[in-house]
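Trainee: Sequence and predicted model, in that order:
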Amino acid sequence: MTGLLTDKVALVTGASGGIGHGIAVRFAQAGAAVVVHGHRGDVRALVAEITTAGGRATGLRADLSSVDECRRLVREAASWRGRLDAVVNCVGVQPVQELSDMTDAQWRAVVDVNLTSAFSCTQAAVEVLPEGGSVTHIASIEGLQPAAGHAHYSASKAALIMYARSAALEYGPRGIRVNTVSPGLIERPGLAEDWPDGVERWTRAVPMGRLGRPEDVGDACVFLASPMASWITGNNLVVDGGITARPTW
């Protein structure tokens, strides 16, 4: 993977989270200069991690529930090194709320962050991306199969998959590719303690026998941003250890 994205500049939103962190590290290891975005989370440690390892990175803050902030983020990312070649929209929230008790505000809070921010960042990015540029959205296997208490989350991720296909259709003539990556259950510190039953059931059911790692998602994103995927657009790449291949009846 080393050198696959040499001389490229990438923006990773939501890089203060576990999956975003893994994506940013993988892009840097592939040779890209990486703009890592955070909102409330601190990305300074991630920038230091990448630069200490010999990579190139800078951090930017923005509230991506704001259209203006999305546009500012993309503009500043592109000005850092005078270009922007790839965008990974990873920012997202995943609250649990039963549908019968869900308020309009709770619905909008998830949709605005998970879906509308990707729309706004993509719309801004295509104005600066060169021919051969790429946009990758981080969706979820819950965009294909819902989970109880996640109606707003599942709906936002399903819409994100279709939005990427629509964007691929319209931006293809400009030479810009748009895809999604749909992860399964990804490791994070404390997950096994917070949800022991779920982790045990997942590990027992998944064909590959383990949870995913942030780097697994990062590898998929690097591939989709690379010349190796130059004829892949409008695709949803599922990275789930095979869990969606398992019969549900």
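Mentor: Nice, thanks for sending it over. Residues are numbered from 1 along each chain as shown.
Trainee: C-alpha only now, for contacts and for neighbours.
Mentor: Noted.
Trainee: Gly241 against Arg213, yeah?
Mentor: No - at 10.3 Å, Gly241 and Arg213 do not qualify as touching, with contact defined as C-alpha atoms under 8 Å.
Trainee: Now do the buried residues in the longest helix anywhere in the chain.
Mentor: As assigned by DSSP state H, the longest helix anywhere in the chain is helix 151-171. Residues of helix 151-171 classed as buried by neighbour count (16 or more other C-alpha atoms under 10 Å): 151-165, 167-168, 171.
Trainee: Now do the buried residues in the helix or strand of the chain with the lowest mean pLDDT.
Mentor: Scoring the helices and strands of the chain by mean pLDDT, DSSP states H and E places helix 191-194 at the bottom, with a mean of 90. Neighbour counts over helix 191-194 (16+ other C-alpha under 10 Å) mark no residue as buried.
Trainee: can you give me the mean pLDDT across the helix or strand that comes right after it?
Mentor: Counting by DSSP states H and E, the next helix or strand C-terminal to helix 191-194 is helix 196-205. Across helix 196-205, pLDDT averages out at 92.
Trainee: Show me what counts as buried in helix 196-205.
Mentor: Those would be Val199, Trp202, Thr203, for helix 196-205 by 16+ other C-alpha under 10 Å.
Trainee: Now tabulate these in TSV and tack on distance to Asp7.
Mentor: TSV is the format used below for the buried residues of helix 196-205 (distance: C-alpha to C-alpha, whole Å):
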residue	distance to Asp7
Val199	39
Trp202	39
Thr203	39
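Trainee: hmm, back to that, may I have the least confident helix or strand of the chain as PDB, with CA atoms only?
Mentor: Taking C-alpha atoms only, helix 191-194 is exported to PDB below (Å, rounded to 0.1, in the frame of the first residue of the first chain):
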ATOM      1  CA  LEU A 191     -17.000  -2.000  23.300                       C
ATOM      2  CA  ALA A 192     -16.800  -5.500  24.800                       C
ATOM      3  CA  GLU A 193     -17.500  -4.100  28.300                       C
ATOM      4  CA  ASP A 194     -20.400  -1.800  27.100                       C
END
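Trainee: Point out where the chain drops to low pLDDT.
Mentor: Applying pLDDT under 70 to the chain picks out residues 1.
Trainee: For it, just list every one of the helices.
Mentor: Taking DSSP H to define them, one finds helices in the chain at 18-29, 44-52, 67-80, 104-111, 117-125, 151-171, 191-194, 196-205, 214-225.
Trainee: possible to save the ones you listed as a markdown table with distance to Thr136?
Mentor: Formatted as a markdown table, these follow (distance: least, C-alpha to C-alpha, whole Å):
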| stretch | distance to Thr136 |
| --- | --- |
| helix 18-29 | 11 |
| helix 44-52 | 21 |
| helix 67-80 | 14 |
| helix 104-111 | 18 |
| helix 117-125 | 9 |
| helix 151-171 | 8 |
| helix 191-194 | 26 |
| helix 196-205 | 26 |
| helix 214-225 | 7 |
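Trainee: Which one of those lies nearest to Val178?
Mentor: For those, the distance to Val178 is smallest for helix 151-171, at 4.9 Å, taking C-alpha to C-alpha.
Trainee: between the closest one and helix 104-111, how many degrees?
Mentor: Helix 151-171 runs at 40 degrees relative to helix 104-111, counting by axes from the mean of the first three to the mean of the last three C-alpha atoms, to 10 degrees.
Trainee: Show me what helix 151-171 is packed against.
Mentor: helix 104-111, strand 134-138, strand 177-183 (3 or more C-alpha pairs under 8 Å, 6 or more residues apart in numbering; DSSP states H and E).
Trainee: Switch those over to JSON lines, and while doing so, append distance to Ala192 and mean neighbour count to every line.
Mentor: Formatted as JSON lines, the helices and strands packed on helix 151-171 follow (distance: least, C-alpha to C-alpha, whole Å; neighbours: other C-alpha atoms under 10 Å):
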{"stretch": "helix 104-111", "distance to Ala192": "24", "mean neighbour count": "15"}
{"stretch": "strand 134-138", "distance to Ala192": "23", "mean neighbour count": "28"}
{"stretch": "strand 177-183", "distance to Ala192": "18", "mean neighbour count": "27"}
